[in-house]
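Chemist: Sequence and predicted structure below; questions after.
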Amino acid sequence: MRRFFIWSGVALGLALVLVLLAAFALGRWTGSDGFRQRVEREASAKLGVPVTLSRVAVDVFPLPAVALEGLNIQARPALTLGRVEARPAWWPLLQGRFAVSTLTVRQAVLPQTTIVLLAARLQDPAKKSAAAQTDAETTDLSWLPRNVVLDDVTWIGAQGRSSTVQARLALDDDGWPAAATVSVTGGPWQGSKAVLQREADLQTAWNLRVDVGGGTLRGPLKVALPEPSAKSRDLVLEGTLETRGVEVSALTAPSRTLTGRLDASTTLSARINPTAGAASVAEALRSQTRFTVNDAVLQGVDLAKAVATVGLSRGGSTALDTLAGQVRTRGQLVELTNLVASSGVLAATGEVTVAPSKALSGRVRVDVTRGAGGDVVGVPLVVGGTVDDPSVSLSRSALLGAAIGTALMPGVGTGAGANLGDRLGEGLKDLFGK
């Protein structure tokens, strides 16, 4: 028996030496210039743009890992990664399968437009229909890494705005997020932090908390999975969020068109096709919000001046005692309805739409109480310009009415004429369908 243990120990020692020698040889080979250049050529041919690497590394100690350093995909704009490292899961590795346990990305710059372009080039048309069929049959996320670490990673959106984050994501065995934390260290939302935690007793439900702009946004989110017999394999996202005490300009940064503390209640919904790209999720998202902004100040527009001059108004500001309304979003389109604002002798109501290009369109009616008798002058205004440079002006019919009112009765007649002209213009448009 003693001899058996001796020989077993010798065999185990020899096996360990062979493994170490193989790992050493593998590390030397993958670290050579020839191997790195081969990876660069094959990646460049696959992506259709030049790809350069500083180093390819296979580490054994302290834990096995495969890493790429100094990765530069020379598209426009370029995608760069200081280091991307994948550590395998032990049990699948012993079974001859490579499954990623931890994926770490450090010092990366990830432009959205470049990622969309590269993803399209990597899509194999011959396999697209088969992949769609596979995804339609089951939503299997078990192949994803169990842990993802983002260290100093900058995301550049389609509009050119960038944000830098530190993030950690842990996935459960079924591939759905167990917990996630994201801290924004650079960009418009710098200082914000989001925490996502999975509900223990529900399969696909989470609690979200976001600290931003000196306030909080929190609430439950859930994903309804399709029934096995359902023809549609879409996932249905639903959520309810409560916003309390958030500085509005922190959400719209770098724009500061509106400042004040936001309280709101929001419902979210989206029907998501698992086979579609990430961009389709944003387009599928729908939301309904009732909001109130306390101590609001509207920058870039002086509503009182707009009423006094009955004309184009740019610049200035409007302090509001109250501002409330509803917001409805469909993808990137934003619609503000039932707007109600008041400040001293001034009150305004209306509706405004924000296009994906940030262009503004809509109408507001501004009422101003004048004189000791409390006469109210109401002026209809057309909202235009952009989120960063808003403007209000009279419609053509209101301009005509204002001119007539000024001629007949200077002062009050100007506003009354504008209001009458606008109503006549709307009536004629409805009558003739124009």
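Modeler: Thanks, I have it.

Chemist: Now do the strands in the stretch 251-400 of the chain.
Modeler: When assigned using DSSP state E, counting those that start in this stretch, the strands of the stretch 251-400 of the chain occupy the ranges 258-272, 286-299, 317-330, 333-343, 346-354, 360-370, 375-385, 390-393.

Chemist: Share the number of residues neighbouring residue 341, please.
Modeler: 22 (other C-beta atoms under 10 Å). No exception for glycine: its C-beta is placed from N, CA and C like everyone else's.

Chemist: next one: residue 38
Modeler: Counted by other C-beta under 10 Å, the residues lying close to residue 38 total 12.

Chemist: which SS class is it?
Modeler: Using DSSP: H, G, I helix; E, B strand; the rest coil, the three-state assignment for residue 38 comes out as helix.

Chemist: before we move on, the earlier item: lowest-confidence stretch among the strands of the stretch 251-400 of the chain?
Modeler: The stretch with the lowest average pLDDT out of these is strand 375-385, scoring a mean of 71.

Chemist: Can you pull out the low-pLDDT segments for the stretch 1-150 of the chain?
Modeler: For the stretch 1-150 of the chain, the stretches with pLDDT under 70 are 1-32, 60-63, 90-98, 123-143.

Chemist: Of all the strands of the stretch 251-400 of the chain, which one comes closest to residue 246?
Modeler: Evaluated over these, closeness to residue 246 peaks at strand 258-272, with 4.7 Å, by C-beta to C-beta.

Chemist: Dump the closest one to CSV, keeping only the CA atoms.
Modeler: Taking C-alpha atoms only, strand 258-272 is exported to CSV below (Å, rounded to 0.1, in the frame of the first residue of the first chain):
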residue,chain,number,x,y,z
LEU,A,258,-35.7,73.6,-17.0
THR,A,259,-34.5,73.6,-13.4
GLY,A,260,-36.4,72.6,-10.2
ARG,A,261,-37.1,69.6,-8.0
LEU,A,262,-39.1,66.8,-9.7
ASP,A,263,-41.7,64.5,-8.2
ALA,A,264,-43.3,62.0,-10.6
SER,A,265,-45.0,58.6,-10.9
THR,A,266,-44.2,56.6,-14.0
THR,A,267,-45.4,53.4,-15.6
LEU,A,268,-43.2,51.6,-18.1
SER,A,269,-44.0,48.9,-20.7
ALA,A,270,-42.2,47.3,-23.6
ARG,A,271,-42.7,44.3,-25.9
ILE,A,272,-39.2,43.1,-26.7
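
Chemist: Begin at 851, not 1, for the rest of this chat.
Modeler: Will do, 851 is the new start, and the previous item becomes strand 1108-1122.

Chemist: Strand 1167-1180 and that strand, what's the angle between them?
Modeler: Direction vectors for strand 1108-1122 and strand 1167-1180, defined by axes from the mean of the first three to the mean of the last three C-alpha atoms, to 10 degrees, enclose an angle of 0 degrees.

Chemist: first to last residue in stretch 1030-1046, what's the distance?
Modeler: From the first residue to the last, stretch 1030-1046 extends over 5 Å; the measure is C-alpha to C-alpha, to the nearest Å.

Chemist: Extract the C-alpha trace of stretch 949-960 and format it as CSV.
Modeler: Output for stretch 949-960, consisting of C-alpha atoms alone and laid out as CSV, is shown next (Å, rounded to 0.1, in the frame of the first residue of the first chain):
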residue,chain,number,x,y,z
ALA,A,949,-17.5,28.8,-20.4
VAL,A,950,-16.7,32.2,-19.1
SER,A,951,-17.0,32.7,-15.4
THR,A,952,-15.8,36.3,-15.2
LEU,A,953,-15.5,38.9,-18.0
THR,A,954,-13.6,42.0,-17.2
VAL,A,955,-13.3,45.0,-19.5
ARG,A,956,-10.9,47.9,-18.5
GLN,A,957,-10.3,51.3,-20.0
ALA,A,958,-12.6,50.9,-23.0
VAL,A,959,-14.2,53.4,-25.4
LEU,A,960,-17.3,51.9,-26.9
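
Chemist: for that stretch, which positions count as buried?
Modeler: Of the residues in stretch 949-960, those scored as buried under the neighbour-count criterion (16 or more other C-beta atoms under 10 Å) are 949, 950, 951, 952, 953, 954, 955, 956, 958, 959, 960.

Chemist: Dig out what the fourth one forms beta bridges with.
Modeler: For residue 952, the beta-bridge assignment (DSSP bridges) gives partners residue 937, residue 997.

Chemist: need the contact list for it.
Modeler: Residue 952 makes contacts with 935, 936, 937, 995, 996, 997, 998, 999, as judged by C-beta atoms under 8 Å, 6 or more residues apart in numbering.

Chemist: Just the helices from the chain, written as ranges.
Modeler: Here the chain has its helices, by DSSP state H, at 852-880, 883-897, 940-944, 962-972, 975-987, 1098-1102, 1129-1134, 1153-1159, 1246-1258, 1262-1282.

Chemist: Report the inter-axis angle for the fourth one versus helix 883-897.
Modeler: Between helix 962-972 and helix 883-897, the angle formed by their directions is 90 degrees, by the same axes, to 10 degrees.

Chemist: Return the list of helices and strands in contact with helix 962-972.
Modeler: Helix 962-972 sits against helix 883-897, strand 929-938, with contacts defined as 3 or more C-beta pairs under 8 Å, 6 or more residues apart in numbering; DSSP states H and E.

Chemist: how about a cut-off of 7 Å?
Modeler: For helix 962-972, not one helix or strand is in contact under the criterion 3 or more C-beta pairs under 7 Å, 6 or more residues apart in numbering; DSSP states H and E.

Chemist: and the angle for it with strand 929-938?
Modeler: Interaxial angle, helix 962-972 versus strand 929-938 (the same axes, to 10 degrees): 60 degrees.

Chemist: residues in contact with helix 962-972?
Modeler: Residues external to helix 962-972 that are found in contact with it (C-beta atoms under 7 Å, 6 or more residues apart in numbering): 897, 898, 925, 927, 929, 1006, 1007, 1008, 1127, 1129.
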